[in-house]
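Colleague: I'd like to go over a predicted model; first the sequence, then the structure.
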Amino acid sequence: MPAVQEQSAGTLLERYAGNLTQTPLLCEEEPMDPADVTRDIKRADLLQMYYYLRLTRALEDRVTALYRQGRIVGGVYTSHGMEAIAVGYASALERNDVIAPFHRDMGAFLIRGFTPGEVLAQYLGKRTGPTKGKDGNVHMGDLKRGMIGFVSHLADNLPVATGVALAFKIRGERRVAFTGTGDGGTSRGDFHEAMNFAAVRKLPVVLFCNNNQYAYSTPQRLQMAIHDVVDRAKAYGMPGEIVDGNDVAAVYLASKRAIELARAGGGPTFLEFKTMRMHGHSEHDPAKYVPRKLLEEWKKKDPILKAEQLLVQLGYGDDAYFHEVGERVKKEVEAGLEFAEQSPLPEGPEVLEGVFAEKADSY
Amino acid sequence: MPAVQEQSAGTLLERYAGNLTQTPLLCEEEPMDPADVTRDIKRADLLQMYYYLRLTRALEDRVTALYRQGRIVGGVYTSHGMEAIAVGYASALERNDVIAPFHRDMGAFLIRGFTPGEVLAQYLGKRTGPTKGKDGNVHMGDLKRGMIGFVSHLADNLPVATGVALAFKIRGERRVAFTGTGDGGTSRGDFHEAMNFAAVRKLPVVLFCNNNQYAYSTPQRLQMAIHDVVDRAKAYGMPGEIVDGNDVAAVYLASKRAIELARAGGGPTFLEFKTMRMHGHSEHDPAKYVPRKLLEEWKKKDPILKAEQLLVQLGYGDDAYFHEVGERVKKEVEAGLEFAEQSPLPEGPEVLEGVFAEKADSY
Amino acid sequence: MTTETVQRQQEVTYLEAISQALDEEMTRDERVFLMGEDIGTYGGAFKITEGFMAKYGEWRVIDTPLAESGFVGAAIGAAMMGLRPVVEMQFADFISCAFDQITEVAAKNHYRWGAAVPMVIRAPFGGGVHGGPFHSECPEGWFFHSPGLKIVAPSTPYDAKGLLKAAIRDPNPVLYFEHKFLYRRIKAVLPSEDYIVPIGKADVKRAGNDISLITYGAMVHLALEAAELLAQEGIDLEVVDLRTLIPLDKDRVYESVRKTSKAILLHEDNKTGGIGAEIAALLAEDCFDHLDGPVLRIAPPDTPVPFSTPLEEYFRPKVSDIATAARKLAAY
Amino acid sequence: MTTETVQRQQEVTYLEAISQALDEEMTRDERVFLMGEDIGTYGGAFKITEGFMAKYGEWRVIDTPLAESGFVGAAIGAAMMGLRPVVEMQFADFISCAFDQITEVAAKNHYRWGAAVPMVIRAPFGGGVHGGPFHSECPEGWFFHSPGLKIVAPSTPYDAKGLLKAAIRDPNPVLYFEHKFLYRRIKAVLPSEDYIVPIGKADVKRAGNDISLITYGAMVHLALEAAELLAQEGIDLEVVDLRTLIPLDKDRVYESVRKTSKAILLHEDNKTGGIGAEIAALLAEDCFDHLDGPVLRIAPPDTPVPFSTPLEEYFRPKVSDIATAARKLAAY
Ligand SMILES: Cc1ncc(C[n+]2csc(CCOP(=O)(O)OP(=O)(O)O)c2C)c(N)n1
Ligand SMILES: Cc1ncc(C[n+]2csc(CCOP(=O)(O)OP(=O)(O)O)c2C)c(N)n1
Ligand SMILES: [Mg+2]
Ligand SMILES: [Mg+2]
């Protein structure tokens, strides 16, 4: 079995490998600028987030291409145009915190140290993927890296995340669980039961809605009679906030506030990240039901574009730098692909392994 | 098989037999008084509600007594002290409307023409009960009388009621569905899914919470982090109202408004009926977990007492009248008990009947 | 030549057969309406209801919020009022979210208080499509054990259309398991006139004398393939397609096994507690004296459906599994 | 006399055995905690956790909102973090509301991505207590078919305590079906030292030579009663108590049937698709050559559990049903 491929062996942001042996995920440097953002986000953190935005995009674009070539079978759901959400919130968490991600949160996996090679191995059904071929695409997790495996059944992992937070509370740990679902997922009963339980027990959990305005083909207005998903929080006496989901700094800051509130014993927060799904529901879906004009508008708010504008404004980066990052992530993705392609497929009888656990560790 | 016993063969309120062959359930007389209540509720309607309050109380007290004597086996859940809710809302509906009741809504069954005899036969597992012995206590229903059978699994019937309303909407009928659950039941996912669907499709359904402040032994504060259950409605963009659940006139009027809104195409309303469970969860539960003082306070707000005060104030009734009604319902209940006791038990092989339907009618 | 061309044109896929059944029933009976995720504007994840919303309007083709329990519950309510809802699960796997409504409400209402619940739940099930653990499940085994439900699982376009029509006309809740793998892989010419395939009737898809191979769904095709292969070896399989799982056509199954004296049960659902277990038990009780050999079961192992191709291939029953079992039994 | 009195004092009911197991495990291992409706202040609908909240505090004895899916999901999350949640269903019937979390999340997490889910769901099940369709269900058949779950169903105070301890110590999700009818009806003196009953081991509750009567839960007592009766007629039943339903102790079952050559399966769960079907199928495949007669099943008919006493009596298996079956088999 090939060794798990290292993702960020280079120099650019080497301290931020997303490897959980490092703590915290973000460096301790002081903010460098008096402006709003710069007061609360460290320069290196912002640069790291930019890197992960690019890495997410490059990786998922590669997945999409592989899918179109028929080299990936099964469903492909990307976060194209929504990368800022997972990158932002995962960057705001500490390494001991636990994420129960949404199905368009590739950035969170990367920040938690899932390498492009592992992710591509997962998509290709290879034994070196986090599920060893047992499951595909974003249905991966790893408790050692604080990532709860995604379950197709939308919102099922929200109650699970409240239980993670409950464990923290019972054990008296200052850790936080972070979880969310789509606008569609908020219609499910499990969303309700999780929100309610979190609120009643003031659990250290942050719950978000990745509101990209469609659940598959179903527009928000056919899913709920409210304009802002954040209004759901009122049913639970839970604070809620609307956040620009395409602005990684905004996502980061709002997440950070909610996380720190939870960590301090203040209970859960509900965050609505407003965004737009820029591809089809999955890559086989041309999404003709989305007005083209809407997509054009949202294209202008592309999270990578936005991040670059911010970096330029703050004097943190320029075109050359962006290009350099682009080259770097491209190389990482291609190296990952090589790793994944060279990895072996599992063998038939492995089907029989792992139905039952032999032991259960603490995390 | 004994004929189904007639409940209101007397003279007092004979027009209000709750029999669905009469339309509407309440008479068409004009209000008699300029005061608030009298403007909107007809005298006869108020008197009828009073009658049903008394009948409910008498019947359920009899059930409790039979349970204590060991003559009723299985669970006994009464509406003691909460009778105004079912009596109030069921009186506000038209005969074509459909009720999916809560488990403490005996008044609704009576108003829909379930006789004390039938109800007691149900409790005693007799073949003349609405479920022919297949099920017990309040788990009864009858589509011909517009009553959906209660399912133990709390809140399960809320989605069902939205479907009833959907049928009305699809067929273009001006009918309304009325359903609810307890404070406890509002924690379930099915509550959420029903509320949401009703709101999205603007269905002609009224949903209520019978908030008696406890779910079995669990006080409201351990069930939800909000003070008023009505706040749940905000998650769905649905109008909500808090109502004094012990005041039959208030319940009636609030229900009426919500029903008429729904009937006019204005969509669903959520009503929170504030009340208090005055007995144990079921009759075997002494409810020691409820502060005695709380019960004493609420005893002063007993719905029958309140109704009598109102009737006296309006000059609609006096002690003699109340006594007369009391005698009447007592007789009806005793006659019902005789009917129930004389009714045959089902025979063993009847177990095998009715798993599948041979036909499905329209209602 | 001309006739052949005409016939070719009339060939429809399994998927189209389902679509036709829905369309014809909606035209025939205005009480029939559809609910599900993305079935309206989008025409459904598999495009079975493409064009339906334009034809029948948005109150007979209802795009629901993402809430299986809620919309199955709503279908129950509408059915009790006299409509004929047909609900689509986007994938059969998500039926677990509506499990409570199906087993506790829909299944028991008529028994408990006499309320008929005439509704259909369409559930695209089964593997072989690289779907992994959550897009390949065979959930029929869960419901097999809940009195009050009928369950069908067609294997051909003819049966798919006829059983769906029968399901829609049935006064009970019917779970209709349609196999995703078959959607576009098999075709047939269907009768032009209205027909149903009655619920509760198995069908012998291939007559044979040596061994009864009892199965349903996509496995019927595997069974037929194996039967051809084994015929060359002189082993004559009778392939019994159950078509309906509840109520089970015991008579037809018994008739076959009493003739052949040997039985193999084949399904794609997990082995333990699958429908094969029930049939084997029935045979061991009611046909014991006719059995000339053990009753064999061929089914996937007791694991979730794995994603990766070599794993899923290992997981799924194969022609060679049938051949091995049949040779063993034939030699018995 | 004195010794006898002491022993009498030590006798505990099935219910107390469960309570003891919880108490001892909570004391032994601070990771163990409880969740459920009304288990705290009230001590549970059946009073199994009476006094626990005072002893262990309100974060280890959690009164939940009325939301089975939510609190089972929460238990899964806490279990993955390393705690050992024990969840109580107020009645087993309500487990349908948590079905999705149990089958899709708890059962599959370890297989899919290696996350152990060490949790227990206690479910008071079964009839004979005038509970009607929603307070008497035997839901074990639904879960029998979901790989990744373990299922136990003790019949005695000894097994109840030992299996619950084993379940709590198991690194997998375990469904613990405790029979309401037995709660206060049976008593036994239990060992004073810590013990477990290993998951996966059946127990011969009565040795016999003529017929294997295989069962579990409350039916074990019916089986023993029938065995006494039949012994007088010279029919010697071996009563095998499965104790664990998944993983099934095939070896022990086969050993018994190979000895007796005849088998009756008895359960309180509905007949079709019940666990008896699986065992009959196993016997028909793996013990065919040893069978000297049909494999008989005794189980209620395929209906919900009816409320009224004469109906429920008709519905439930009886000693006479066993006697009839045994006489038939003995004469075979
Ligand atoms: C319980 C459940 N039902 C149906 C599906 C099928 N499905 C997968 S994604 C999706 C739409 C999800 O919409 P949303 O929650 O808004 O997330 P998005 O894909 O828009 O990011 C649906 C219906 C599912 N995964 N789970
Ligand atoms: C889904 C479900 N879980 C548990 C129960 C058991 N149970 C019956 S009533 C009840 C409390 C109900 O509280 P609430 O909804 O407030 O109604 P109340 O009895 O107070 O009128 C519980 C837990 C149930 N009936 N359904
Ligand atoms: Mg969305
Ligand atoms: Mg209450």
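Modeller: Ah, there it is. Ligands and ions are numbered 1, 2, ... in the order given.

Colleague: these two touch, right, A:F197 and A:V205?
Modeller: No - if you go by Cβ atoms under 8 Å, A:F197 and A:V205 don't touch, sitting 9.4 Å apart. For every residue, glycine as well, the C-beta is placed using N, CA and C.

Colleague: Give the residues shared as contacts by these two.
Modeller: Counting by Cβ atoms under 8 Å, 6 or more residues apart in numbering or on different chains, the contacts common to A:F197 and A:V205 are A:T162.

Colleague: ranges for the strands of chain A?
Modeller: Assigned by DSSP state E, chain A shows strands spanning A:98-100, A:177-182, A:205-211, A:214-215, A:218-219, A:240-244, A:269-274.

Colleague: Relative to chain A, how far out is the residue of the stretch 51-200 of chain C found nearest ligand 1?
Modeller: Residue nearest to ligand 1 within the stretch 51-200 of chain C: C:F94 (4.1 Å; Cβ to the nearest ligand atom). Counting by Cβ to the nearest Cβ, to the nearest Å, the gap from C:F94 to chain A is 6 Å.

Colleague: next one: C:A74
Modeller: 13 Å.

Colleague: what's around the residue lying closest to that residue once chain neighbours are set aside, how many residues?
Modeller: Spatial nearest neighbour of C:A74, excluding adjacent residues (Cβ to Cβ, 6 or more residues apart in numbering or on different chains): B:G163 at 3.5 Å. Residues near B:G163, counting by other Cβ atoms under 10 Å in any protein chain shown, number 34.

Colleague: Now for B:G163: which residues touch it?
Modeller: C:G73, C:A74, C:A75, C:I76, C:G77, C:A78, C:A79, C:M80, C:M81, C:P85.

Colleague: Swap in 7 Å and give it another go.
Modeller: C:G73, C:A74, C:A75, C:I76, C:G77, C:A78 (Cβ atoms under 7 Å, 6 or more residues apart in numbering or on different chains).

Colleague: are any of these buried, and which?
Modeller: Among the contacts of B:G163, those classed as buried by 16 or more other Cβ atoms under 10 Å in any protein chain shown are C:G73, C:A74, C:A75, C:I76, C:G77, C:A78.

Colleague: Out of those, which comes closest to B:K288?
Modeller: C:G73 (35.8 Å; Cβ to Cβ).

Colleague: Please, which helix or strand holds the closest one?
Modeller: helix C:68-81 (DSSP states H and E).

Colleague: and after that helix, which helix or strand comes next?
Modeller: strand C:84-88.

Colleague: Need the mean per-residue confidence for that next one.
Modeller: Mean per-residue pLDDT for strand C:84-88: 98.

Colleague: Also compute the angle for that strand relative to helix C:68-81, please.
Modeller: 160 degrees (axes from the mean of the first three to the mean of the last three Cα atoms, to 10 degrees).

Colleague: Could you list every helix and strand in contact with strand C:84-88?
Modeller: Counting by 3 or more Cβ pairs under 7 Å, 6 or more residues apart in numbering or on different chains; DSSP states H and E, the packing neighbours recorded for strand C:84-88 are strand C:32-36, helix C:68-81, strand C:120-125.

Colleague: which of those sits most buried?
Modeller: Each of the helices and strands packed on strand C:84-88 was scored by mean neighbour count; the highest is helix C:68-81, a mean of 31, by mean count of other Cβ atoms under 10 Å in any protein chain shown.

Colleague: Please list the outside residues in contact with it.
Modeller: Contacts of helix C:68-81 (Cβ under 7 Å, 6+ apart): A:189, B:143, B:156, B:159-164, B:166-167, B:189-190, B:193-194, B:196-197, B:362-363, C:35, C:64, C:85, C:87, C:89, C:94-95, C:97-98, C:100-102, C:105-106, C:115, C:117-119, C:121.

Colleague: do it and ligand 2 meet at all?
Modeller: No - using Cβ under 6 Å from any ligand atom, helix C:68-81 stays clear of ligand 2, coming no nearer than 11.8 Å.

Colleague: which residues does C:V152 bridge with?
Modeller: C:Y176, C:T244 (DSSP bridges).
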